[in-house]
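Novice: Predicted model follows, preceded by the sequence.
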Amino acid sequence: GGAMSFLKRFPPPAEGVRHQQPDTEAVLAGRSLGAGTLYIAESRLSWLENSGVGFSLDYPTISLHAVSRDLNAYPWEHLYVMVNAKFEAEETKEAPMAEGEEEEDDSDDDVEPIAEFRFVPSDKSALEAMFSAMCECQALHPDPDDEDSDNDYEGEEYDVEAHELEQGDIPTFYTYEEGLSHLTAEGQATLERLEGMLAQSVSSQYNMAGVRTEDSIREFEDGMEVDVAPVVAGQFEDAEVDH
Amino acid sequence: MEVSHSVKERTIAENSLVILLQGLRGHVTTVDLRDESTATGRVTNVDAFMNVRLAEVTFTDRQGTVSCLDELFVTGRNVRYVHIPDEVDIRATIERQLEAIHRVRYFGGRDKGRKEFPRAKYK
């Protein structure tokens, strides 16, 4: 018996509180901890009894949370939170268990500790908002120990874009200047090659009229001026193009 | 077809089978959890970290006790298996999700597309 030692006095969270629900009872493994306020903050989930003591749960330790309205399972609608940790009140199990079972669970190394919290708001209609706020906060804490997936993609999406451009997918929805600033070296080379081809076909039409675009194209192929477009009107007033 | 608003999440999804799970939105599925409980419900969302949100859930805890939950959110870490319903065409689902991502990436509007890829050269 006695007070739950994991209960501490601390000030309510001030920052990043996505949802706050007063007049909420906290229940651990079937044992009521009293009435208080639930704070669903970005950094952690906290509950403070009206007397000022309470506890916090870190999102990485929370396995799942749910809205329960099944009165057969539990007599009050509540927010159910399953935590991957041991808490003192765990001596009292909600579901009646055969004597041997509890020991089996404890001695089985594969079974992780589980604590079941229920947060019962006096205002049932708040459960949706509480649930959603928890989903949002939980998503802010992806599993850092996730070794299986290679989620280090900071740079990779850029590569995808470069590949797409290489395949001749000229970004016609950019203005010329804007689009050019996004090209990789490969993209630049592709652009120059294609524009060279275009200019040649154009110049073959215009040669008859005396416009020599070929020279300016050749100049840029050698000059490696990667930030400059060969065929934009107005940019190359100095270029050797006879109009 | 909803895709994540996050560039990072879209990239993760595009490069892993999470993209298949994201395509299960609206389907009734069974999720086996790490602690051997199971949850059967309609998928409302799966994010890039494999956090799964289900609605109208039948939850069977590790002791076998069955209860109903209106909504359930399981963290990716605690998901062991997600059963793909028989009616789901896996390949078509993946292709649809990829198309949706590419639509957002390349045709979300000129300005929106640019902001996704901030570059050193960007003036």
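Specialist: Looks like it came in fine. Numbering: from 1, shown residues only, chains lettered A, B, ... in the order given.
Novice: count of neighbours near the residue in chain B that chain A sits nearest to?
Specialist: Relative to chain A, the nearest point of chain B is B:Ser67 (3.6 Å; C-beta to the nearest C-beta). Bear in mind the C-beta positions are built from the backbone N, C-alpha and C, glycine included. Using other C-beta atoms under 10 Å in any protein chain shown, B:Ser67 has 16 neighbouring residues.
Novice: Can you give the strand pairings for whichever helix or strand it is part of, parallel or anti for each?
Specialist: Per DSSP states H and E, B:Ser67 falls inside strand B:66-74. Using DSSP bridges, strand B:66-74 pairs in its sheet with strand A:62-68 (antiparallel), strand B:52-60 (antiparallel).
Novice: With respect to burial, which of these scores highest?
Specialist: Stretch with highest mean neighbour count among these: strand A:62-68 (a mean of 25; mean count of other C-beta atoms under 10 Å in any protein chain shown).
Novice: could you show me where the helices are in chain B, in order?
Specialist: With DSSP state H as the criterion, chain B has helices at B:7-14, B:18-22, B:90-107, B:110-116.
Novice: Would you mark the buried spots in the third one?
Specialist: In this case it means helix B:90-107. B:93-94, B:97, B:100-101, B:104-105 (16 or more other C-beta atoms under 10 Å in any protein chain shown).
Novice: Helix B:7-14 and that one, what's the angle between them?
Specialist: 150 degrees (axes from the mean of the first three to the mean of the last three C-alpha atoms, to 10 degrees).
Novice: B:Phe49 reaches B:Asn78, doesn't it?
Specialist: No. The criterion here is C-beta atoms under 8 Å, and B:Phe49 misses it with B:Asn78 at 11.3 Å.
Novice: CA-only coordinates of the helix or strand containing A:Gly196 in CSV, if you can.
Specialist: Per DSSP H and E, A:Gly196 falls inside helix A:185-206. The C-alpha trace of helix A:185-206 is given here as CSV (Å, rounded to 0.1, in the frame of the first residue of the first chain):
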residue,chain,number,x,y,z
ALA,A,185,25.9,19.7,-63.7
GLU,A,186,24.3,16.7,-65.5
GLY,A,187,21.1,18.6,-66.0
GLN,A,188,23.1,21.5,-67.4
ALA,A,189,24.9,19.3,-69.9
THR,A,190,21.6,17.8,-71.0
LEU,A,191,20.0,21.1,-71.4
GLU,A,192,22.9,22.4,-73.4
ARG,A,193,22.9,19.4,-75.6
LEU,A,194,19.2,19.6,-76.3
GLU,A,195,19.3,23.3,-76.9
GLY,A,196,22.2,22.8,-79.2
MET,A,197,20.1,20.4,-81.2
LEU,A,198,17.2,22.8,-81.2
ALA,A,199,19.4,25.7,-82.2
GLN,A,200,20.9,23.7,-85.1
SER,A,201,17.5,23.0,-86.4
VAL,A,202,16.4,26.6,-85.9
SER,A,203,19.6,28.0,-87.3
SER,A,204,19.2,25.9,-90.4
GLN,A,205,16.0,27.8,-91.0
TYR,A,206,17.4,31.1,-90.1
